[in-house]
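Student: Sequence first, then the predicted structure:
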Protein chains: 2
Amino acid sequence: MHNATLPIIAILGGTGKEGRGLAIRWAHAGYAVIIGSRDPDRAAATAAELNTLLGKEPIVRGLGNVAAARECDIAVLSVPYEAHAATLASIKETVQNKLLIDVTAPLDPDNKRRVRRLASGSAGQEAQQFLGENVRVVSAFQNVSYTHLANLNEILDCDVLVCGNDKDAKRQVIELARAANMIAFDAGPIENAVVAEGLTAVLININIQAKTKSAGIHITGVPR
Amino acid sequence: MHNATLPIIAILGGTGKEGRGLAIRWAHAGYAVIIGSRDPDRAAATAAELNTLLGKEPIVRGLGNVAAARECDIAVLSVPYEAHAATLASIKETVQNKLLIDVTAPLDPDNKRRVRRLASGSAGQEAQQFLGENVRVVSAFQNVSYTHLANLNEILDCDVLVCGNDKDAKRQVIELARAANMIAFDAGPIENAVVAEGLTAVLININIQAKTKSAGIHITGVPR
């Protein structure tokens, strides 16, 4: 059963791999989770699958992205970069005064091993700029491996870099990471999102060379 | 005594902290090292200090940046970003057909905790573009802590991300990292240098919050 004192989390684009992985972790930790999708039927189907995997009383619901954004306390944007601007436009009014976690990692369409340069700096900055100051945008969770997220009891061997301009919002996201068995670090203002987003291309290079699938990073030299 | 089969390394801007740290590690490993500086006398003074620390037959020399670049096989550019363009201009002809390792991490002058955006993308890209295709530019070693470099027998708890367009040049830099007791990973093309450079601001944030000085990263999920 979900814990009603915890915030409700909507994962927009939650039918994708990473969205599902985060959803199952948070639902497992007792958060009420809503899967959002452009297609409400797909969202409902994914929610049903996740509830089966979780094997307890239904705690995950599926809705269209806008309805999901309306019913949540915290919105998590987990869409391919190609759908980033359109999804932001569709939820702009609905997420005012909420916390939005942007998980988007823009990939260069010509070469996934190369960082994609954006005029704005990063997807996280685009979200903050487009949504306006009343939405607390936090960039995080770009580099977590789905395989490991889905393995519920595994402590994830990949730290999370959390960027944003609102300290309290970052604290909430660090808490959400902990609930999903990950260690997260406040990595500075939203301008630093380019590092976390760009790490995705770096880790793709490392995975290809090492013939692995789950390269990640740990922060060293600090108490964990 | 230095090993004459190894390439000669010049560290341009080598009187600074990070330059010294790299110099002492490579000299300790048997490489002939030249400290370069705008001021040849300062370079010579730093070289003398390092030779005293190393406590063996003089293996480190000090020269002006251009002379150092002329006498080396591999040039390492370790200057503040404010001196990056001028130093590149002074050595452009001299380093043609050589390998240049760019260690520069541009910091935002208004806020060191915030990634500095460059029109070119990164200092590494600026170097590659300015020096031309006959110079193999590799971006690396931005995030290594001087304190730890100076402690010669310590295996460094910080991995090195190596970006560049020439595979063989990256292999040489990975080998140089190993000689200095660090583990390095091929992190992709020079466009990915923005990640390694920007990590500096991220690690500054983490150090300030944790009240530490030596935050770094490890790559996880791959064989080391």
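Tutor: Received the coordinates, thanks.
Student: check which helix or strand covers A:Val137.
Tutor: Per DSSP states H and E: A:Val137 is located in strand A:136-139.
Student: On the C-terminal side of that strand, identify the next helix or strand.
Tutor: Defined by DSSP H and E, the subsequent element after strand A:136-139 is helix A:146-150.
Student: touching chain B at all, the helix or strand that comes right after that following helix?
Tutor: Downstream of helix A:146-150, the next assigned helix or strand under DSSP H and E is strand A:160-164. Yes. Strand A:160-164 comes into contact with chain B (CB under 8 Å from any CB of the partner chain), by way of A:Leu161. Placement of C-beta: from N, CA and C, glycine included.
Student: Could you check stretch A:111-129 and say which residues are buried?
Tutor: Judged by neighbour count using 16 or more other CB atoms under 10 Å in any protein chain shown, the buried positions of stretch A:111-129 are A:113-118, A:121-128.
Student: With stretch A:172-189 instead?
Tutor: Across stretch A:172-189, burial judged by 16+ other CB under 10 Å covers A:172-174, A:176-177, A:179-189.
Student: mind listing which of those are in strands?
Tutor: Those of the buried residues of stretch A:172-189 mapping onto strands are A:Ala184, A:Phe185, A:Asp186, A:Ala187, A:Gly188, per DSSP state E.
Student: Now pLDDT too, for these, in TSV please.
Tutor: Shown next, in TSV, are these (pLDDT from 0 to 100):
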residue	pLDDT
A:Ala184	97
A:Phe185	98
A:Asp186	98
A:Ala187	98
A:Gly188	98
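Student: same for chain B: which of those are within range?
Tutor: Residues of those in contact with chain B (CB under 8 Å from any CB): A:Phe185, A:Asp186, A:Ala187, A:Gly188.
Student: what residues does stretch A:16-27 touch?
Tutor: With contacts defined as CB atoms under 8 Å, 6 or more residues apart in numbering or on different chains, stretch A:16-27 is touched by A:2, A:9, A:11-14, A:33, A:35, A:46, A:50, A:53-54, A:59-60, A:76, A:78-80, A:103, A:141, A:144, A:146, A:148-150, A:152, A:176, A:179-181.
Student: May I have that stretch exported as CSV, CA atoms only?
Tutor: C-alpha atoms of stretch A:16-27 as CSV (Å, rounded to 0.1, in the frame of the first residue of the first chain):
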residue,chain,number,x,y,z
GLY,A,16,9.9,4.0,-21.9
LYS,A,17,12.7,2.0,-20.3
GLU,A,18,14.2,4.4,-17.9
GLY,A,19,10.8,5.8,-16.9
ARG,A,20,9.6,2.3,-16.0
GLY,A,21,12.7,1.6,-14.0
LEU,A,22,12.3,4.7,-11.9
ALA,A,23,8.6,4.0,-11.5
ILE,A,24,9.0,0.5,-10.1
ARG,A,25,11.7,1.7,-7.7
TRP,A,26,9.5,4.5,-6.3
ALA,A,27,6.4,2.4,-6.2
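Student: can you pull out the helices in chain A?
Tutor: Secondary structure of chain A by DSSP state H: the helices cover A:17-28, A:40-54, A:65-71, A:84-91, A:123-131, A:146-150, A:167-179, A:193-210.
Student: What is the last one packed up against?
Tutor: With contacts defined as 3 or more CB pairs under 8 Å, 6 or more residues apart in numbering or on different chains; DSSP states H and E, the packing partners of helix A:193-210 are helix A:123-131, strand A:136-139, strand A:160-164, strand A:216-220, strand B:184-188, helix B:193-210.
Student: and what of the fourth one?
Tutor: Counting by 3+ CB pairs under 8 Å, 6+ apart, the packing neighbours recorded for helix A:84-91 are helix A:65-71, strand A:74-77, helix A:123-131.
Student: the inter-axis angle of the longest one versus helix A:193-210?
Tutor: For helix A:123-131 against helix A:193-210, the angle between stretch directions is 150 degrees (axes from the mean of the first three to the mean of the last three CA atoms, to 10 degrees).
Student: and helix A:123-131 with strand A:160-164, angle?
Tutor: Per the same axes, to 10 degrees, the angle that helix A:123-131 makes with strand A:160-164 is 30 degrees.
Student: Let me see the mean pLDDT of helix A:123-131.
Tutor: The average pLDDT for helix A:123-131 rounds to 98.
Student: what about that helix and chain B, touching?
Tutor: No. Figure legend: helix A:123-131 not in contact with chain B (CB under 8 Å from any CB); closest approach 9.6 Å.
Student: how far out from the middle of the chain is that helix?
Tutor: Taking CA atoms, centre = their mean, to the nearest Å, one finds the center of helix A:123-131 at 15 Å from the center of the full chain.
Student: can I have that helix written out in PDB, keeping just the CAs?
Tutor: Provided in PDB are the C-alpha atoms of helix A:123-131 (Å, rounded to 0.1, in the frame of the first residue of the first chain):
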ATOM      1  CA  ALA A 123      17.800  20.100 -21.800                       C
ATOM      2  CA  GLY A 124      17.500  21.000 -18.100                       C
ATOM      3  CA  GLN A 125      18.100  24.700 -18.900                       C
ATOM      4  CA  GLU A 126      15.600  24.600 -21.700                       C
ATOM      5  CA  ALA A 127      13.000  23.200 -19.300                       C
ATOM      6  CA  GLN A 128      13.700  25.800 -16.700                       C
ATOM      7  CA  GLN A 129      13.700  28.700 -19.200                       C
ATOM      8  CA  PHE A 130      10.500  27.500 -20.900                       C
ATOM      9  CA  LEU A 131       8.500  26.700 -17.800                       C
END
